[in-house]
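Structure of the sequence below:
(2 chains)
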Amino acid sequence: MYESDAIEPGTPRRPRSRSIRGVGLSFLIALLASGCGDSGPLDPGDLPDRREVGVVVNSVELTLTIFETEDPEAEVRTVELGVADGTPTSAAVHGRYALVPMGVVPSAILVDLEEAAPIRSVPLPEGSGATGAIFLNDSIALVANPDRGSVTPVNVLRGSLGGEIITGAYPNAFARAGGRVVVVNAELVDFVPARTSTLTILDEESLDVLGEIELSGENAGAALVGADDRLYVLNAGRFGEASGSLSIVDVEAMSEVGHHEGFGDFPGSLAWSAGGEVYVSSWNFGVATWDPSSGTFPHPPEEAIAPAGTPSSSGVAADSEGRIHSLEPICDGPGRVFVLGPDHAVDRDVPTGICPTGLVFTWLEGD
Amino acid sequence: MRIFSYLSGLSRPAMVPVLLVAGLLAVLPPAAAGQFPGELRGRVVDVASGEGLVGVEVTIPARARAAVTTADGTFHFRGLEPGTVDVRASRLGYEPQTMELVVRNGTVSRIEFRLTPRPLTLPGVQVATARGSGAVLEREAILASGARTLGDVVATLPGAAVVRRGVGGREELLVRGASADQILVLIDGVPANDPLTGVADLSLLQAGAVERVELLAGALGARFGAGAMGGVLLVQTRSPTHPLEGELAVGDLGERGGSLVVRRSVGPASFQAGFRQREADGAFAFDREDALGGGRPVRRNADFEQIGLHLGGRGPLLEGEWSVRVRHDQTERGIPGKSYAPSHTARQGEHGLTGIASWRVEGARTQLAGDVRHRRVSGWFRDPSPPLGLPFDDHSELREFGGALRAELIRSGGGVLGGSIESTTRHLSGTVVETGTPARRTEIAGALHGEVSTPGWPGQPRWSGAVRVHRDGVLGGLLFAHDLGFQLELSGFRLHAAHRSAFSPPSAGDLYFREGVGVRPNPDLRAERIRGEVEVGAHRELAVGPARIQLSGEAFRGNVDDMIVWSPDFRFVWSPRNVDVRRNGWEVRARLWNQAGGPTAEAHFTSTRVEYRNGGGTSGAQVVYRPRSSGGVSLGWEGERSRLSVQGRYIGVRYPVPARVNALPPFWSVGLSAGVRLDIADWTLRPALSIDRLLDDRSPFIHGYPEPGRTLALSLRIHPAR
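All right, here's what the predicted structure looks like:
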């Protein structure tokens, strides 16, 4: 069975009430709303021939970049998704497999990370908006349909779909906690928060809807389980209003137990560091840090970390050693992954494709 | 574009709104007007008897044009690009004769050949213009091609690749790797490029309204003005040859249409009027990709209707000649969207009124011409229930006024010196642009050009030069373009070389597109520039028995500085920005035909590298949706009363992203057309059949816009026999 201690960089969407040219928005929405990195098993593995890899979703290029976390000399591989369209912003991983929802294109692509090649494309319901996915086991994954207000079970081996499960509005990310699957709903209508964010709680086995949790923040787009087994949900807030916030949820009790503001303008993803701090990325300020034990900001958004001197990040994630990786937000050329050291200096950088927007980690066998 | 050159309309959903806006408001040109084609009428007679000679082949090698004399020995060329050309007349049993002639802007030039049946020593062939010839398609060839739209017509030209977004959708021209906004399209001398996008939508003019097209490739800014970065498409609309012409057509996808054109003479003046209509339901089933669920859904909301009305006249005035052309085009169509996100409710419409009035007078060695033109276009586009994004309902209004004065002095010995002053003013309003958009944009340009020959030199080279200075009232400052070249004959080869430049100011959409969520204009854009394009070429014509063979090839290199592309920034806000592009390539053509008619064969191939530059090198990535190679093969046969042609077009690998990944495979599409001529009483009937995608190939140029595969159309033209 798949384990749920996944590291999930996420990226919310941006609502704004000015004029919008119809269809194009959805692309932006999908990009900004990346339910990045709902990931599969991070099985550290005791076998010496297992190696951890980072998987970067390059949104504009429609590729994945695969790099090894421990071996800077190892080959960095690129996987063409083999499609001409799509706005992928996130991926779910499970061992050697990655599932990439394609955004405006209603499909998700299953990729063999060992072979660095796509295996199949799984069609999703029309108008899905496919953003955010999570593996439940070796064959079943859930993919969010934000434009339909639902999630779809996918048998990735057969390429078949299960019945849609109705959720809140604009689901775009997942997490697993307490034997339950959590669907993160941004509650956007016409790309603007219509209410505060919600979580739809599903039974892990039956996928029955167990209930809904209403959060205090708006525009949730990323979540991960903390060391305290509670779920930390990042609310992006309203674009330009610096209303990002963090909700802390007791999934078993089906309640929000904490809500912290001050996460700046449109934070997109979060990660736990080895030191137990929460790292939060934003295109608008870089990488902020928050100490859950004290509820304070060692690096508030106003004094955020600027990886490689750039006060902007399109995603953060931590590998199994708790090393923080930040994505360079370049979309008109190849970007980079910055691996930050304890002093937040860049220890290593890894070249990616164009427009890296999502990063997850998994384990591969062999050399 | 700009909008289309990068993730653009080419496929990025984020740009769909921009494209919708941009695409639907066709209007004015990015620059002041250019030149106007001339005409050549002539006669070939026997030098001894003075009687007209029938069946004489008259060719203009520099323009790749050919005609055969009628029973009274006359011939006629329309739509010649201005300049000095050699005209050659040949017939078995007579000594070929070549004469030099200056074709002038909008002027009918006349020439008479007097062929002798005995050997005659003539001066060597001189070629007038120091540049390659354009690819030309005349009225009969256009009809024979079975084309429905101007885009269909142009797609058959060597060096052209036409991007089509499905049945009834937009059609845009790519030449030598230049994007559609870098190709200046002149319809009867009036730029047809949309000032919002810089792109001319070739689907908006019906093929039946086209008399002639000529595609001139290369950076021709000095000769034609702003926007002529990758080439110029000269389109001449219909000039009826009979007092009454009618046509009816039906075809697959519910296509139907018809036209009626009349011509009358009143004293020394002649007038013409025409009406044409074309519509189609556009619905068809297509194979959806397995990745999207498979099956055969029906493509809906792909209907369209086009109505065109044109009036024209010409006659003598003040020792010169006046001419007027007015055209009204109305289009409404559905916007079916991409196959994976279809829209059943998106619609667009456009009403365009274009008029040009000109007058010219010519003396023995001088010519003076002037014109005024006006264009008014209103467009709308709406979708109350889009599959993605928010509903929209927008409109635009564009008005353009322009004028030009031109003068030419012809020197003895064939030299030419000319100049022009041109001005264009545009008014743009509507919901598609920011409220702060300047209400008026005025462009003023001045140009000089000249040609001179050096007959005493080996190969008798001919030198040409042109320079243009252009001021854009919005950008400020001056833009310059030049064109230097020479041409000569060596051992039967005609060689040419040129060095030239061109520019294209940002379009109104690039500068002032209304800001929305994640979409932002860029008022700081710089003009696109080709600072130094080098072109070399060779042309050879051979006679093998009755067969004639033309071979030609060209190579070019001309980087584009500050090309405008739309791309997201680190915040994922999409906006246009300037990038540098390396561009080079080559093209070859071959044509085989029989002087006495019968079979013909043509083939052409173009290879172009257009890569993003970074630092001192390139990324190695071809610009999005610019095929690195394209080409075509055509076989035809023409008899006295029937014709048949088969054309194959090749589109090479395209990249949907700005990297060498996820390539779309190359494809061929094959078309067939056939027709016969029937004379019944005093009328001539010309039934014709055309089949597009004969082999039922359904490969789209751009992913997400399915093609219907094989479609068939029947037409019937009728006109008086005499």
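
C-alpha only now, for contacts and for neighbours.
Fine.

Dump stretch B:469-479 to PDB, keeping only the CA atoms.
Extracted in PDB, the C-alpha atoms of stretch B:469-479 (Å, rounded to 0.1, in the frame of the first residue of the first chain):
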ATOM      1  CA  VAL B 469      12.700  55.900 -44.200                       C
ATOM      2  CA  HIS B 470       9.700  55.400 -42.000                       C
ATOM      3  CA  ARG B 471       8.300  57.200 -39.000                       C
ATOM      4  CA  ASP B 472       5.800  55.700 -36.700                       C
ATOM      5  CA  GLY B 473       3.800  58.300 -34.800                       C
ATOM      6  CA  VAL B 474       3.400  56.000 -31.800                       C
ATOM      7  CA  LEU B 475       6.900  54.600 -31.500                       C
ATOM      8  CA  GLY B 476       8.600  57.800 -32.600                       C
ATOM      9  CA  GLY B 477      12.100  57.900 -34.200                       C
ATOM     10  CA  LEU B 478      12.900  56.700 -37.700                       C
ATOM     11  CA  LEU B 479      13.200  53.300 -39.100                       C
END
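
who does residue B:244 bridge with?
residue B:262 (DSSP bridges).

and it, what is it in contact with?
Going by Cα atoms under 8 Å, 6 or more residues apart in numbering or on different chains, residue B:244 touches B:260, B:261, B:262, B:263, B:719, B:720.

hey, where'd the helices end up in the stretch 101-250 of chain A?
Under the criterion DSSP state H, counting those that start in this stretch, the stretch 101-250 of chain A contains no helices.

what does it have sitting close to chain B?
By the rule Cα under 8 Å from any Cα of the partner chain, the part of the stretch 101-250 of chain A lying against chain B is A:104-107, A:120-124, A:126-127, A:147, A:190.

Determine which two of those residues are furthest apart.
A:120 and A:190 (31.8 Å; Cα to Cα).

Could you list the low-pLDDT ranges of the stretch 251-367 of chain A?
A:367 (pLDDT under 70).

can you do 80?
In the prediction, the stretch 251-367 of chain A carries residues with pLDDT under 80 at positions A:366-367.

still on that earlier bit, format the contacts of residue B:244 as JSON lines; extra columns: neighbour count and pLDDT.
JSON lines is the format used below for the contacts of residue B:244 (neighbours: other Cα atoms under 10 Å in any protein chain shown; pLDDT from 0 to 100):
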{"residue": "B:260", "neighbour count": "18", "pLDDT": "94"}
{"residue": "B:261", "neighbour count": "24", "pLDDT": "92"}
{"residue": "B:262", "neighbour count": "18", "pLDDT": "93"}
{"residue": "B:263", "neighbour count": "19", "pLDDT": "89"}
{"residue": "B:719", "neighbour count": "20", "pLDDT": "92"}
{"residue": "B:720", "neighbour count": "16", "pLDDT": "91"}
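
Sort out which one of those residues lies nearest chain A for me.
Nearest to chain A among the contacts of residue B:244 is residue B:260, at 40.1 Å by Cα to the nearest Cα.

Excluding chain neighbours, give the residue nearest to that closest one in space.
Using Cα to Cα, 6 or more residues apart in numbering or on different chains and skipping residues adjacent in sequence, the residue nearest residue B:260 is residue B:246, 4.4 Å away.

Any figure for the gap between the one you found and chain A?
Taking Cα to the nearest Cα, to the nearest Å as the measure, residue B:246 falls 42 Å from chain A.

one step back: top of the residues of the stretch 101-250 of chain A next to chain B by neighbour count?
Among those, residue A:104 has the most neighbours (other Cα atoms under 10 Å in any protein chain shown), with 32 neighbours.

So it sits against residue A:124, correct?
No. Residue A:104 is not in contact with residue A:124 according to Cα atoms under 8 Å; the separation is 10.8 Å.

Next, show the common contact partners of the two.
residue A:130.

Who are the contact partners of residue A:242?
A:262, A:263, A:264, A:265, A:266.

Now secondary structure too, for the residues you listed, in CSV please.
Below are those laid out as CSV (DSSP: H, G, I helix; E, B strand; the rest coil):
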residue, secondary structure
A:262, coil
A:263, coil
A:264, coil
A:265, coil
A:266, coil
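
Pick out whichever of those sits closest to chain B.
Among the contacts of residue A:242, and counting by Cα to the nearest Cα, the member closest to chain B is residue A:266, at 10.1 Å.

Can you report how many residues lie near the residue lying closest to that closest one once chain neighbours are set aside?
Once flanking residues are discounted, residue A:266 sits nearest to residue A:236: 4.5 Å by Cα to Cα, 6+ apart. By the measure other Cα under 10 Å, the count of residues near residue A:236 is 36.

Touching, residue A:236 and residue A:267? I think so.
Yes. Residue A:236 is within contact range of residue A:267, at 5.1 Å (criterion: Cα under 8 Å).

quick one on the thing from earlier: sort out for me which of the residues of the stretch 101-250 of chain A next to chain B are in strands.
A:107, A:120, A:121, A:122, A:123 (DSSP state E).

Show the pLDDT at residue B:149.
pLDDT for residue B:149: 89.

hang on, I meant residue A:30
39.

before we move on, what about residue A:189?
For residue A:189, the model assigns a pLDDT of 88.

That one: neighbour count?
By the criterion of other Cα under 10 Å, residue A:189 has 14 neighbours.

Name the nearest residue to it, ignoring sequence neighbours.
residue A:169 (7.4 Å).

just residue B:661 next, same as before
residue A:80 (6.2 Å).

May I have the residues that are in contact with that neighbour?
Listed by Cα under 8 Å, 6+ apart, the contact set of residue A:80 reads A:62, A:63, A:64, A:117, A:118, B:661, B:662.

Try it again at 7 Å.
By Cα atoms under 7 Å, 6 or more residues apart in numbering or on different chains, the contact set of residue A:80 is A:62, A:63, A:64, B:661, B:662.

Most neighbours out of the residues you listed, which is it?
residue A:64 (31 neighbours).

Residue A:55 is in contact with that one, correct?
Yes. Counting by Cα atoms under 7 Å, residue A:64 does reach residue A:55; the two are 6.4 Å apart.

before we move on, back to that, the contacts of residue A:242: which two are farthest apart?
Farthest apart among these by Cα to Cα are A:262 and A:266. That separation is 10.8 Å.

Restrict stretch A:254-268 to CA atoms and write it as CSV.
Provided in CSV are the C-alpha atoms of stretch A:254-268 (Å, rounded to 0.1, in the frame of the first residue of the first chain):
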residue,chain,number,x,y,z
MET,A,254,-12.6,16.8,10.5
SER,A,255,-11.8,20.3,11.7
GLU,A,256,-9.5,23.2,11.2
VAL,A,257,-7.5,23.6,14.3
GLY,A,258,-5.4,26.5,13.4
HIS,A,259,-5.2,29.4,10.9
HIS,A,260,-2.1,31.6,10.4
GLU,A,261,-2.0,34.7,8.2
GLY,A,262,0.9,36.7,6.9
PHE,A,263,2.0,34.3,4.1
GLY,A,264,2.2,37.1,1.7
ASP,A,265,1.0,37.5,-1.9
PHE,A,266,0.0,34.3,-3.6
PRO,A,267,2.1,31.6,-2.0
GLY,A,268,2.1,28.5,-4.1
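
which residues of the stretch 151-300 of chain B fall in strands?
Using DSSP state E, counting those that start in this stretch, the strands found in the stretch 151-300 of chain B span residues B:160-164, B:171-175, B:183-187, B:190-191, B:210-217, B:231-237, B:244-251, B:255-266, B:269-280, B:284-285, B:298-299.

Which among these is found nearest to residue A:219?
strand B:298-299 (35.4 Å).

Which strands and helices lie in contact with the closest one?
Judged by 3 or more Cα pairs under 7 Å, 6 or more residues apart in numbering or on different chains; DSSP states H and E, the packing partners of strand B:298-299 are strand B:284-285.

what mean pLDDT does the strand it packs on have?
94.

Show residues contacting that strand.
Under Cα under 7 Å, 6+ apart, the answer for strand B:284-285 is B:253, B:296, B:297, B:298, B:299, B:708.
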